[in-house]
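Novice: Structure for this input, please:
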Amino acid sequence: MLKEERFKIIMKQINLHNKVLSVDLSKLLNVSEDTIRRDLKELADGGHIVRVHGGAISKSLVRPFIADVNVYSIEEKRIIAAKAVKLIENNMTLLFEGGTTIFELTKVIPENLNLTIFTISPQIAISLSEYKNIKVFTIGGELKKDHNIHVGAHTINELHRIRFDLCFMGVNAISVERGMTDIDMEVVEVNKAMFEVSEKNVLLTIAEKLNLSQRHQVSDLSDIDFLITELDCNNPFLDGFRNQYSHINIH
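Specialist: Below you'll find the predicted structure:
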């Protein structure tokens, strides 16, 4: 496989999942990890990605406020945000994860709603600070620098002290067989805690992440109440989730 072809596949994986591991790319592309490391270095030197220990992450994941950062599938994420905001009602207490889809949601909340919003993401908290009628709280803990969210035991303990009406969360990968999965175990543990402390849980994902799977399971989807994509809710692509998880409201 030519280097240019590898680059296209690597960028696709990073844009889709936000973070990739060198070992996974090595298996996917059937090349050595040394080759992958050289590829990632070249892509990082060119300003396309951000290298981290063991792999790489999307620039939009860590710098969503930079105007020249191209967010992957931005139009689809705006459609998802427009659907998700309809679930928010006055005087709710909400829990927001981080990521670019949640960031789009923060932009479309009606100005007249009185809300209390907690988040594990410093960036999401800053985005919400523009609203006069929203009380914003951050759930503290260790900052996972390659995700810009808080993780660890302190974060999980703080989450368990509060009850939320709705939890809004992005998705790394989701499938009928394995449910919601992620590449990072620290993120998985915090996501599990977020589901446990919320009355209802909302997953936001672009359709490209459907029927994909990562190594660590967050939930088998029994904890999920709403699944929101950019697709029409009756799209046949969603039939597997509709048939397997009839309790989930698909939007």
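
Novice: How about the contacts made by the residue positioned nearest the centre of the chain?
Specialist: To find the centre residue of the chain, average its C-alpha atoms and take the closest one (CA atoms, centre = their mean): that gives residue 170, at 3.0 Å. Each residue near residue 170 by CB atoms under 8 Å, 6 or more residues apart in numbering is listed here: 97-102, 203-205. Placement of C-beta: from N, CA and C, glycine included.

Novice: between the residues you listed, which is nearest residue 8?
Specialist: For these, the closest approach to residue 8 (CB to CB) belongs to residue 100, at 20.8 Å.

Novice: Neighbours of that closest one, how many?
Specialist: For residue 100, the neighbour count with other CB atoms under 10 Å is 21.

Novice: ditto for residue 235
Specialist: Here the number of neighbours of residue 235 (other CB under 10 Å) works out to 13.

Novice: how close does the closest residue to the residue nearest to the centre of the chain other than its chain neighbours get to residue 17?
Specialist: Spatial nearest neighbour of residue 170, chain neighbours left out: residue 99 (4.0 Å); criterion: CB to CB, 6 or more residues apart in numbering. The span separating residue 99 from residue 17 equals 11 Å under the rule CB to CB, to the nearest Å.

Novice: Look at these two and report which has more neighbours.
Specialist: Remark: of residue 99 and residue 17, residue 99 carries more neighbours, 26 against 23, as counted by other CB under 10 Å.

Novice: Look up phi and psi at the more buried one.
Specialist: Geometry field for residue 99 lists phi and psi as phi 100, psi 170, criterion degrees, to the nearest 10.

Novice: my guess is it meets residue 57, correct?
Specialist: No: taking CB atoms under 8 Å as the definition, residue 99 is not a contact partner of residue 57, at 11.3 Å.

Novice: Overlap of the contact sets of the two?
Specialist: With contacts defined as CB under 8 Å, 6+ apart, the residues shared by residue 99 and residue 57 are residue 18.

Novice: so where does the nearest residue to residue 135 once chain neighbours are set aside fall, helix or strand?
Specialist: Distance criterion CB to CB, 6+ apart; nearest residue to residue 135, sequence neighbours excluded, is residue 116 at 4.6 Å. Taking DSSP states H and E as the definition, one finds residue 116 inside strand 115-119.

Novice: same thing with residue 76?
Specialist: Counting by DSSP H and E, the secondary-structure element that holds residue 76 is helix 74-84.

Novice: in the stretch 51-200 of the chain, what spans have low per-residue confidence?
Specialist: Across the stretch 51-200 of the chain, the stretches falling below the confidence threshold (pLDDT under 70) are 60-69.

Novice: That one: strands as residue ranges?
Specialist: Listed in chain order, the strands of the stretch 51-200 of the chain (DSSP state E, counting those that start in this stretch) span residues 55-58, 93-96, 115-119, 134-138, 142-144, 149-151, 164-170, 173-175, 179-182, 198-204.
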